[in-house]
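In: Whatever this is, show me its structure:
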Amino acid sequence: MAMATPMAPRSTFAIFLILLLRSGHSPAAAFYLPGSYPHRYRPGEALAAKVNSLTSPSSKLPFPYYSLPFCAPQGGVNRAAESLGELLLGDRIETSPYRFSMLKNATAFLCRTDPLPPATADLLMFRIDDAYHVNLLLDTLPVVRYVKNLAAPGVFVRSTGFPVGVRADDGEYYVYNHLKLTVLVNKPRNGTTRAEALMATADAVELISFAGGSKDGGGYTVVGFEVVPCSVEHDAAAIKGKKMYDELPARAAAGCDPSVVGMRVRANRPLVFSYEVAFVESGVEWPSRWDAYLEMGGAKVHWFSILNSIVVVAFLAAILLVILLRTVRRDLAQYDEHGGEAGLAPQADELAGWKLVAGDVFREPAHPVLLCVMVGDGVRILAMAVATILFAALGFMSPASRGALVTGMLGIYLLLGFAAGYAAVRLWKTVRHGDSAGWKRVAWRASCAFPGAGFAVFTALNCVLWYNGSTGAVPFLLFAVILLLWAFVSVPLTLAGGLVASRVGHLEYPVKTNKIARQVPAAQCSPWVFVAVAGTLPFGTLFIELLFIMSSLWLGRVYYVFGFLLVVMALLVAVCGEVSVVLTYMGLCVEDWRWWWRAFFASGSVAAYTLGYAVYYLVFDLHSLSGPVSAALYVGYSLLMALAVMLATGAVGLAASFAFVYYLFSAVKLD
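Out: Coordinates of the predicted model:
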């Protein structure tokens with residue numbers, strides 16, 4: 001990727017606005033912001049493809065590309081620079097032996113391996129059984145394979161990567177040893193694209209420079225990378241004496257037909273690899289080259305999900321409107337008519353309900369430290385999710401920058417330690433009626449609770465990956481870096497947030513709390529039944545988008561519809577708050593003042609349904625998942641996801657209920 005010289009702030013801002021306006025023409029264009037420029041190649045300039053980890057839809061264990069007997073480049077294997085997010089995702093990008101020149105079609109010999117030892121042949125067959133795929137990259141674009149859809153003739157299914165090999169009907173294993181590569185290139189009219197022409201205006205004209213570009217701005221950009229893998233038994237005479245990159249005659253790979261296999265995997269026999277490349281000019285412009293990867297069907301489904309959620313939000317809002325404008329006002333009028341608590345005795349039957357618990361409604365809840373810690377962590381997770389989705393929707397996390405989303409999430413989470421500490425200690429001081437004693441303990445636990453749970457799950461699963469030799473295992477050095485980031489960034493920020501919260505003024509309750517707690521009447525039905533059922537409404541808002549997220553996480557699909565996700569997130573927050581308020585009011589009406597934890601779990605119970613959906617997805621959509629290790633990875637990360645959902649939605653529910661209760665009793669005048 002070519003680097004531009006620094007620009008003046010005015011130029012950078014102008015370019016940002018231009019590209020933001022340009023993004024309306026295609027969904028992928030928004031991903032190219034200042035700092036991301038096309039690499040231009042002259043005719044004859046060398047292009048080098050790279051390889052990523054071997055991945056499988058049935059096994060969630062990625063493995064190094066060179067763990068199988070593939071050809072290595074002449075200068076040896078070198079690892080490309082990797083970001084924090086790439087390492088956490090298990091990406092291992094390395095140099096490959098595939099070399100070709102811009103606009104030069106060629107058919108080349110790669111290598112003839114040594115005879116395969118029995119163990120290597122068995123490993124290769126095992127990877128073929130598990131449907132492992134090879135992932136090539138060219139100019140950051142993953143290679144794409146088109147396969148005919150058997151259910152719909154004439155329709156092609158697009159997938160990234162290509163299989164290592166195939167097991168034929170005769171029970172024999174065949175490796176895909178010959179690749180037909182197609183590179184789609186674009187040469188802009190007049191030597192430059194509209195976006196680049198606009199970028200090179202005013203004082204930025206002499207500052208923008210594209211690698212490989214000539215004085216007139218000419219050159220070709222890579223806008224597509226396609227592959228047709230074949231299993232070919234090469235003509236022995238044609239490859240005799242050939243060295244790497246020697247030209248092969250067309251007849252040497254004449255048997256390249258995806259439906260016909262030839263290179264059989266057998267112990268003590270070598271494998272022969274070759275490839276051919278063809279360059280095709282395309283009308284796709286460089287800012288739109290990711291469109292083919294980011295096309296995600298189901299736009300109507302997304303809109304249906306949003307409309308369904310809007311209906312739920314409107315329904316709950318109507319209920320709250322009735323409660324606030326009719327029931328509460330009527331009750332307050334009756335309360336004031338009888339002169340407050342002193343006049344309640346003659347009309348006890350009429351005034352039974354939330355009016356009778358005014359002296360207990362703000363009583364300190366059970367396990368206040370735990371509640372404050374969970375709310376603090378929930379605020380942090382929710383703020384991280386909103387910020388990450390917002391940045392991704394604006395296009396700041398490009399799919400061309402692999403791992404950018406994970407890196408951004410981790411960085412935002414660390415910086416939001418201040419919010420976690422502030423929210424936890426602020427709530428602690430509120431439930432303690434202004435007493436901030438013990439705030440250090442609350443802030444410290446807020447900095448350790450969810451990160452500790454996540455790190456414990458992550459470490460256990462990482463040990464499993466280490467044992468299996470997977471590239472998904474995080475290196476020890478990265479473990480140390482993550483711990484240092486937590487110790488020197490997250491923890492100090494959390495304690496700083498707690499310190500600030502401990503020194504600000506506390507919120508005065510509108511009513512006084514009695515010294516002796518009021519007895520709660522026996523209920524005909526446990527209120528926790530309603531809490532458990534309440535989670536269905538927030539889950540109804542979330543579950544359709546959750547399907548696309550799960551497909552992205554576990555089926556290797558690219559998720560990019562962050563605009564839809566941002567709207568769904570806003571609706572989810574609204575539903576969680578409304579559900580929690582309704583259940584809190586129902587509890588107060590039966591004279592049960594213990595609303596704190598129920599308000600948290602009324603919306604937080606959506607996590608139970610999320611976990612149940614994860615189990616459903618495992619059984620019915622990931623039925624090809626193979627091995628206990630893959631199942632352990634799925635279950636571990638699903639539990640962690642459900643915990644995060646519970647904390648985030650629970651914090652929303654408690655905040656909404658507290659605001660409602662405070663408003664409700666602030667209208668009550670007691671003598």
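In: Quickly run through the sheet partners of the helix or strand that contains Arg158, with directions.
Out: In the assignment (DSSP states H and E), Arg158 maps to strand 156-160. Using DSSP bridges, strand 156-160 pairs in its sheet with strand 144-148 (antiparallel).
In: got a pLDDT number for Leu248?
Out: We have a pLDDT of 83 for Leu248.
In: Restricting to C-alpha, output stretch 59-74 in CSV.
Out: Below are the C-alpha coordinates for stretch 59-74, written out as CSV (Å, rounded to 0.1, in the frame of the first residue of the first chain):
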residue,chain,number,x,y,z
SER,A,59,-13.2,-27.4,12.1
LYS,A,60,-12.6,-24.1,13.9
LEU,A,61,-8.8,-24.8,14.2
PRO,A,62,-6.8,-22.8,11.6
PHE,A,63,-3.4,-24.2,10.7
PRO,A,64,-0.3,-22.8,9.0
TYR,A,65,-0.3,-23.0,5.2
TYR,A,66,3.1,-24.6,5.2
SER,A,67,2.0,-27.3,7.6
LEU,A,68,1.1,-29.2,4.4
PRO,A,69,3.6,-30.2,1.7
PHE,A,70,3.1,-27.1,-0.5
CYS,A,71,5.8,-25.4,-2.5
ALA,A,72,7.8,-22.8,-0.6
PRO,A,73,9.1,-19.6,-2.2
GLN,A,74,12.7,-19.6,-3.4
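In: Pull the distance from that stretch to the chain's centre.
Out: 26 Å (CA atoms, centre = their mean, to the nearest Å).
In: Within the helices and strands, which one has Asp435?
Out: Asp435 belongs to no helix or strand, assigned by DSSP H and E.
In: Check the gap between it and Pro368 for me.
Out: From Asp435 over to Pro368 the distance is 11 Å, taken as CB to CB, to the nearest Å. (Each C-beta comes from the backbone N, C-alpha and C, glycine too.)
In: And for Phe488?
Out: Applying CB to CB to Phe488 and Pro368 gives a distance of 29 Å.
In: What residues sit buried inside stretch 449-461?
Out: For stretch 449-461, a neighbour-count test (16 or more other CB atoms under 10 Å) marks Ala449, Phe450, Pro451, Ala453, Phe455, Val457, Phe458, Leu461 as buried.
In: where does it sit relative to the chain's centre, distance-wise?
Out: Counting by CA atoms, centre = their mean, stretch 449-461 is centred 18 Å from the centre of its parent chain.
In: How about residues contacting that stretch?
Out: Stretch 449-461 is contacted by residues 373-374, 377, 380-381, 474, 479, 482, 486, 490, 632-633, 636-637, 639-640, 643-644, 647 when judged by CB atoms under 8 Å, 6 or more residues apart in numbering.
In: Show me what the longest helix anywhere in the chain is packed up against.
Out: Using DSSP state H, we find that the single longest helix of the chain is helix 628-666. Applying 3 or more CB pairs under 8 Å, 6 or more residues apart in numbering; DSSP states H and E, one finds that helix 628-666 makes contact with helix 368-393, helix 439-467, helix 536-554, helix 562-589, helix 596-604, helix 606-620.
In: Quick check: chain neighbours aside, which residue is closest to Val227?
Out: Excluding the flanking residues, the one nearest Val227 by CB to CB, 6 or more residues apart in numbering is Val143, at 4.7 Å.
In: With just CA atoms, put the strand holding Arg158 into PDB.
Out: Taking C-alpha atoms only, strand 156-160 is exported to PDB below (Å, rounded to 0.1, in the frame of the first residue of the first chain):
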ATOM      1  CA  PHE A 156     -23.000 -19.500  -9.200                       C
ATOM      2  CA  VAL A 157     -22.100 -19.500  -5.500                       C
ATOM      3  CA  ARG A 158     -19.200 -17.300  -4.500                       C
ATOM      4  CA  SER A 159     -16.800 -18.300  -1.700                       C
ATOM      5  CA  THR A 160     -13.300 -17.200  -0.600                       C
END
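In: quick one on the thing from earlier: quick one: buried ones out of the contacts of stretch 449-461?
Out: The neighbour-count test (16+ other CB under 10 Å) marks 373-374, 377, 380-381, 474, 482, 486, 490, 633, 636-637, 640, 643-644, 647 as buried among these.
In: I'd like to know which of the residues you listed is nearest to Ala168.
Out: Looking at the buried ones among the contacts of stretch 449-461 and their distance to Ala168, the nearest is Leu633, at 30.7 Å (CB to CB).
In: Quick one: residues contacting the closest residue in space to Trp596 that isn't next to it in sequence.
Out: Closest residue to Trp596 apart from its sequence neighbours, by CB to CB, 6+ apart: Pro365 at 3.5 Å. Taking CB under 8 Å, 6+ apart, we find Pro365 in contact with Leu371, Val431, Arg594, Trp596, Trp597.
In: and stretch 142-157, what's its mean pLDDT?
Out: Stretch 142-157 comes out at a mean pLDDT of 76.
In: how long is that stretch from one end to the other?
Out: Terminal residues of stretch 142-157 are spaced 16 Å apart (CA to CA, to the nearest Å).
In: returning to what we had before: list the buried residues for the longest helix of the chain?
Out: So, applying 16+ other CB under 10 Å, buried residues of helix 628-666: 629-630, 633-638, 640-658, 660-662, 664-665.
In: can you check stretch 470-486 too?
Out: For stretch 470-486, by 16+ other CB under 10 Å, it's Ser470, Thr471, Gly472, Ala473, Val474, Ile482, Leu485, Trp486.
In: if we can go back for a sec, so between Phe488 and Pro368, which is more surrounded?
Out: A count of neighbours by other CB atoms under 10 Å puts Pro368 above the other of Phe488 and Pro368, at 17 against 11.
In: Go ahead and confirm that one touches Val431.
Out: Yes: counting by CB atoms under 8 Å, Pro368 sits close enough to Val431 to count as a contact (5.1 Å).
In: circling back to that earlier point, would you mind listing which of the contacts of Pro365 are buried?
Out: Judged by 16+ other CB under 10 Å, buried ones among those: Leu371, Val431, Arg594, Trp596, Trp597.
In: any idea which of the residues you listed is closest to Thr536?
Out: Trp597 (19.3 Å).
In: which residue packs closest to that closest one, ignoring adjacent ones?
Out: Nearest residue to Trp597 in three dimensions, chain neighbours excluded: Pro365, at 6.1 Å (CB to CB, 6+ apart).
In: The one you found: which element?
Out: Counting by DSSP H and E, Pro365 is found in no helix or strand.
In: Roughly how far does it sit from Ile381?
Out: In this view, Pro365 and Ile381 are 21 Å apart by CB to CB.
In: same check, this time on Leu465
Out: Distance, Leu465 to Ile381, using CB to CB: 25 Å.
In: Can you report phi and psi for the closest residue in space to Gly161 that isn't next to it in sequence?
Out: Leaving out its chain neighbours, the residue that sits closest to Gly161 by CB to CB, 6+ apart is His133, at 3.7 Å. Torsion angles at His133 (phi, psi; degrees, to the nearest 10) stand at phi -120, psi 150.
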